[in-house]
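>>> sequence first, then the predicted structure:
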There are 2 protein chains.
Amino acid sequence: MNVDFVHKWKSQVKKGTLAFIALNVLKDHEYYGYELIEQIKKNTQIEIAEGTLYPLMNRLKKENLVTSKWVEQASGIPRKYYVLTPTGEETLLQMRTFWLDLEKSIKKISK
Amino acid sequence: MNVDFVHKWKSQVKKGTLAFIALNVLKDHEYYGYELIEQIKKNTQIEIAEGTLYPLMNRLKKENLVTSKWVEQASGIPRKYYVLTPTGEETLLQMRTFWLDLEKSIKKISK
DNA sequence: AAAAGTACATAGCTATACAATGTATCTGCG
DNA sequence: CGCAGATACATTGTATAGCTATGTACTTTT
């Protein structure tokens, strides 16, 4: 019951945070989709389904926060690398401000 | 454009965090709906629409995390007070653990 | 040759914040 | 007195976004 609620809740928290997390990870390093999932999992223990990441990246592209470029591989499927745009960097800064405020607020009420 | 994206993003971050915030605020003090909105605004600067809070509290009730009781007023509309259940308290602890981990992870990737 | 991993992508489902709207009561002000 | 604004609850409809399931295609491992 309760386990189920917490599970759903975590999924809801991801709504929004994932965009923030992805932009943060892309800030200093470009990654392709599959690799981005692995990086995020490694750094945050958060697992993103592929069906979540690809639509997410397309939204961020549509909003002009990232661009993408195909890179051919010596062997195998070409990889689509994602890069932060200047708008993306600027947006990330605004998001960080909001996040820090939220963090502080929650710290205040959760003791 | 970008302002619009950030605005929508904040709304998405609220999905999930609001339940967490409400439970935190109710942990040590019972409040009625309207007052809860004011308390949250005062403590976190986060504004919750009434159309958000009432369905939220009904969900939390259905999940047995809070109970409610009507309290008649000497004058005016009776108030519906919300109280954390033991299940609610336990769930809150699990949520806090997840939140602290998330906070730590984001701190790690955002510098 | 089959299974598992890499790599991209989409469709349908579900949960939830918010605006808009509605009901009802009380208080302050001209 | 009458009315605007605050108090207090609630519902409906819409948009957003994560997740499961599914699909394609290539490579590596067994």
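Arrived safely.

>>> centroid-nearest residue for chain A?
Residue closest to the mean C-alpha point of chain A, counted by CA atoms, centre = their mean, is A:A22 at 2.2 Å.

>>> so A:W70 sits in a helix?
No: using DSSP: H, G, I helix; E, B strand; the rest coil, the assignment for A:W70 is strand, not a helix.

>>> correct me, but it touches A:P78?
Yes: in this structure, A:W70 is within contact of A:P78 by CB atoms under 8 Å, at 5.1 Å. From N, CA and C alone the C-beta is placed, and that goes for glycine too.

>>> can you tell me, leaving aside adjacent residues, what's nearest to A:G88?
Residue nearest to A:G88 in three dimensions, not counting chain neighbours: A:L65, with 3.7 Å by CB to CB, 6 or more residues apart in numbering or on different chains.

>>> pLDDT below threshold where in chain A?
Confidence mapping of chain A against pLDDT under 70 gives the ranges A:1-3.

>>> let me see the ranges of the helices in it.
Counting by DSSP state H, chain A has these helices, from start to end: A:2-27, A:33-44, A:50-62, A:86-109.

>>> may I see the ones you listed arranged in CSV, with distance to B:K14 as well?
As requested, the helices of chain A are exported to CSV (distance: least, CB to CB, whole Å):
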stretch, distance to B:K14
helix A:2-27, 8
helix A:33-44, 20
helix A:50-62, 18
helix A:86-109, 9
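
>>> want to try CSV for those helices, with distance to DNA strand C as columns?
Putting those into CSV (distance: least, CB to the nearest atom of the strand, whole Å) gives the following:
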stretch, distance to DNA strand C
helix A:2-27, 4
helix A:33-44, 3
helix A:50-62, 3
helix A:86-109, 12
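
>>> which one of the ones you listed lies closest to DNA strand D?
Distance to DNA strand D, taken as CB to the nearest atom of the strand, is lowest for helix A:50-62 among the helices of chain A, at 2.2 Å.

>>> chain center to the closest one, what's the gap?
When C-alpha coordinates are averaged (CA atoms, centre = their mean, to the nearest Å), helix A:50-62 and its chain have centres 9 Å apart.

>>> and that helix with helix A:86-109, angle?
120 degrees (axes from the mean of the first three to the mean of the last three CA atoms, to 10 degrees).
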